[in-house]
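>>> I would like to see how this sequence folds:
(one chain, ligands or ions: 2)
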Amino acid sequence: MGQPTEADVLNALRPIVDPDLGQSIVDLGFIKGLEIEGGRVSFQIELTTPACPVKAEFERAARDAVSALPDVTDVEVTMTSSTRTAQRAAPPEILTGVRNVIAVASGKGGVGKSTIAVNLALGLKESGATVGLLDADIYGPSIPLMLNVHGQPEITPERKIRPMEAYGLRVMSIGFVAGDDAPVIWRGPLVHGIIGQFLGDVDWGELDYLVIDLPPGTGDAALTICQDAPLSGAVIVTTPQEVALIDARKGLKMFQRVNVPVLGIVENMSYFECPGCHEQHAIFGKGGGARDSEELGVDLLAQVPFEPDVVRAGDQGTPTVASAPDSPAGRVFKELAGTIARKLAVLGAEAPPMADASIEWVNTPR
Ligand SMILES: Nc1ncnc2c1ncn2[C@@H]1O[C@H](COP(=O)(O)OP(=O)(O)O)[C@@H](O)[C@H]1O
Ligand SMILES: [Mg+2]
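Residues are numbered from 1 along each chain as shown. Ligands and ions are numbered 1, 2, ... in the order given. Predicted structure coming up:
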């Protein structure tokens, strides 16, 4: 009995196209470790993010395609991932082990920026990624409360700050240092110093994603971080109210100024789903987010319903994605994480995976 050749297997896999990158998974170099022993074929499909929402479909399509070849008796597909880095240029020694840095911004406070940041981080983590969350809102650090994580972070022997752990996330908050009960007002050089220290002195280790809860607005505090951190992309949180558009536009301008791609807008408290009849009521007005995103030329990434449980989850330190993943808001948060992971994978497709990049650098002849 014969056995398939490597070319047979690759040709069978070639019609499988990554929907985001618009290319064959073979040509994208996703197929690794191909082994053929008689009728037994095994290989890995290396995705660009563990948060890939089409993981299961890829696996099934690949198995079906190879199983259909003559002489194949057994197919073993392993799904792996090597998160591409969509990181932008920035001071080289900052956040070196972090593949993607996502800023969550808003024009003003109280729109749900921190709620989105926490649940986005958890959504990314659920999909198997290693995720950090940096609470950089110096005016009102709320992550310690939202994740019920308190205390003083340890200092490592290398004199770095070790992030705290909560819900499988690595967490650092300005609140751990300054206390999170009273809002802190730091200005000018102090803001710069403390944020710079957070960016450079926290031992994040290797992360697929770092989510940053920015200070609200487009003032010095937010701008400083956007300039100092190697941001891969930004998410702007708004509510449906008319005034939110003006704020969102300012946010967009800020990111354009520092050359950070805006991944899109999240409209929070978009509607209230009546628990009895499941009808959706637009309590704060309708279509604001869609109108904003169209007018600003960016995507509307998600519309998050207003849910009383989201408030409770935040107050009790049991975030929605962890405590009520199948609630309407929980589902939207998880979808949002998938959408963002895909967008970053597309941005990162032009950049090589991080490990390869350093090898290339070492081998470059002078
Ligand atoms: N989708 C939502 N449904 C109901 N309440 C929400 C929702 N998103 C946020 N909240 C609540 O609104 C308040 C402000 O949210 P927060 O995330 O702290 O905003 P910000 O960080 O923008 O100041 C909090 O009490 C939070 O629980
Ligand atoms: Mg906040």
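
>>> burial measure for residue 315, as a count.
By other Cβ atoms under 10 Å, the residues close to residue 315 number 11. Placement of C-beta: from N, CA and C, glycine included.

>>> grab the nearest non-local neighbour of it.
Nearest residue to residue 315, sequence neighbours excluded (Cβ to Cβ, 6 or more residues apart in numbering): residue 145, at 7.3 Å.

>>> same check on residue 47?
Once flanking residues are discounted, residue 47 sits nearest to residue 81: 4.4 Å by Cβ to Cβ, 6+ apart.

>>> about what we covered before: what's the average pLDDT for the helix or strand hosting the residue nearest to residue 315?
Using DSSP states H and E, residue 145 falls within helix 143-146. Averaging pLDDT along helix 143-146 gives 95.

>>> residue 122 and ligand 1: what is the separation?
Separation of residue 122 from ligand 1 (Cβ to the nearest ligand atom, to the nearest Å): 14 Å.

>>> how near is whichever residue of the chain sits closest to ligand 2 to ligand 1?
Residue nearest to ligand 2 within the chain: residue 114 (3.2 Å; Cβ to the ion). Using Cβ to the nearest ligand atom, residue 114 is found at 3 Å from ligand 1.

>>> now do the same contact list for the nearest residue to that residue once chain neighbours are set aside.
Counting by Cβ to Cβ, 6+ apart, residue 114 lies nearest to residue 142, which is 4.7 Å off, once chain neighbours are set aside. Contact partners of residue 142, counting by Cβ atoms under 8 Å, 6 or more residues apart in numbering, are 114, 135, 175, 180, 314.

>>> ok so the last one is a strand residue?
What that stands for is residue 314. No. Secondary structure of residue 314 (DSSP: H, G, I helix; E, B strand; the rest coil): helix, not part of a strand.

>>> which pLDDT value goes with it?
Note on residue 314: pLDDT of 93.

>>> just checking, it touches residue 147?
No. Assessed by Cβ atoms under 8 Å, residue 314 is found out of contact with residue 147, at 9.5 Å.

>>> need the residues touching each of the two.
When Cβ under 8 Å, 6+ apart defines a contact, the residues bordering residue 314 and residue 147 alike are residue 118.

>>> okay, these two: which has more neighbours?
Between residue 314 and residue 147, counted using other Cβ under 10 Å, residue 147 has the larger neighbour count: 25 against 20.

>>> and the nearest residue to that one once chain neighbours are set aside, how far is that from residue 217?
With sequence-adjacent residues excluded and distances taken as Cβ to Cβ, 6+ apart, residue 147 is closest to residue 166, at 4.1 Å. From residue 166 over to residue 217 the distance is 27 Å, taken as Cβ to Cβ, to the nearest Å.

>>> ok, residue 320 next?
Remark: distance between residue 320 and residue 217 (Cβ to Cβ) = 25 Å.

>>> excluding its backbone neighbours, what's nearest residue 314?
Once flanking residues are discounted, residue 314 sits nearest to residue 146: 5.0 Å by Cβ to Cβ, 6+ apart.

>>> so is residue 236 in a helix, a strand, or just coil?
When classified by three-state DSSP, residue 236 comes out as strand.

>>> tell me what it is bridged to.
Beta-bridge pairing of residue 236 under DSSP bridges involves residue 105, residue 265.

>>> what does this protein put close to ligand 2?
Contacts of the chain with ligand 2, taken as Cβ under 5 Å from the ion, map to 114, 142.

>>> repeat that for 8 Å
Within the chain, the positions lying close to ligand 2 (Cβ under 8 Å from the ion) are 109-110, 113-115, 117, 137, 140-143, 213, 216.

>>> quick check: residues of the stretch 101-250 of the chain near ligand 1?
Proximity of the stretch 101-250 of the chain to ligand 1 (Cβ under 6 Å from any ligand atom) is limited to residues 106, 109, 110, 111, 112, 113, 114, 115, 142.
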